[in-house]
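**Q** Attaching a predicted model along with its sequence, questions to come.
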Amino acid sequence: MKKKIAILDIGYGNIASVINAVDYLGFEQKVEKDPNNIKNYTHLIIPGVGSFLVNSEIIHKNKWVEEIKKAANKGVYIFGICVGMQLMFTDGDEGGKTSKGLNFFSGNCKIFNNKKKLKLPHIGFNEVEHSNSKIWSGIPNKSSFYFVHSYRIKSTENKFKCGYTIYGEKFISFIEDNNIFASQFHPEKSHKVGLKLLKNFLSLK
């Protein structure tokens, strides 16, 4: 089956860097703005810039939640980046209220426990201790990826394969389960190892 790759333009964030990375890797892609069409693709990338609260409102106001779940159940490969990862979880606390995510993974997105008075947001390159699963093929463990975020998911169920990073505390920086993948870091801004991770994802079939 021919790969059909979509970068979802849900209505938030800057997706240009993701488009450029996929193009650089030599894959054909389309920017998709219509949730009704996403079931027709083999691979979906959900970029993320901004807040869980605002993005949660956007995906629930339209048909994105329903259609993303339909695509997942159909076996479409899905990769969420940064806030796109956070939205894969149960809910998030931001702006004084709890907002719902897609609930592919159990867990809550909360601000860093900043008892050590770390600078927030967490910006820059940091190591990811990964699970050595197929999508990590050819990427050394504890490679560094680019982060920019103030909120994190600390824990989830043991049945999911996770990667972890430390910034004052240990948090989930990557997660996968069957055809669903997500990273708190930005692979499209993480040089060779980030591009390799995207290539591994886009090569899945």
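**A** On my side now, so go ahead.

**Q** Just the CA trace of the lowest-mean-pLDDT helix or strand in the chain, in PDB.
**A** Lowest on mean pLDDT, DSSP states H and E among the helices and strands of the chain sits helix 52-61, with a mean of 91. Extracted in PDB, the C-alpha atoms of helix 52-61 (Å, rounded to 0.1, in the frame of the first residue of the first chain):
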ATOM      1  CA  PHE A  52      -3.100  22.200  26.300                       C
ATOM      2  CA  LEU A  53      -6.100  24.300  27.300                       C
ATOM      3  CA  VAL A  54      -6.500  26.200  24.000                       C
ATOM      4  CA  ASN A  55      -5.600  23.200  21.800                       C
ATOM      5  CA  SER A  56      -8.000  20.900  23.700                       C
ATOM      6  CA  GLU A  57     -10.900  23.400  23.100                       C
ATOM      7  CA  ILE A  58     -10.000  23.400  19.400                       C
ATOM      8  CA  ILE A  59      -9.900  19.600  18.900                       C
ATOM      9  CA  HIS A  60     -13.200  19.100  20.800                       C
ATOM     10  CA  LYS A  61     -15.100  21.900  19.200                       C
END
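
**Q** Give me the buried positions along it.
**A** 52-53, 55-56, 59 (16 or more other C-beta atoms under 10 Å). All C-beta spots, glycine's among them, are computed from the backbone N, C-alpha and C.

**Q** Repeat that for stretch 190-202.
**A** 190, 193-202.

**Q** just checking, which of those belong to helices?
**A** Judged by DSSP state H, helices contain the following of the buried residues of stretch 190-202: 193-202.

**Q** Closest to Asp91 out of those residues?
**A** Closest to Asp91 out of these is Phe201 (25.5 Å), distances taken as C-beta to C-beta.

**Q** Now the closest one: closest residue in space that isn't a chain neighbour?
**A** In this structure, Phe201 finds its nearest non-sequential neighbour in Phe79, 5.2 Å apart by C-beta to C-beta, 6 or more residues apart in numbering.

**Q** partners of that neighbour in the sheet?
**A** Ile45, Phe181 (DSSP bridges).

**Q** Tell me how many other residues surround it.
**A** Here the number of neighbours of Phe79 (other C-beta atoms under 10 Å) works out to 27.
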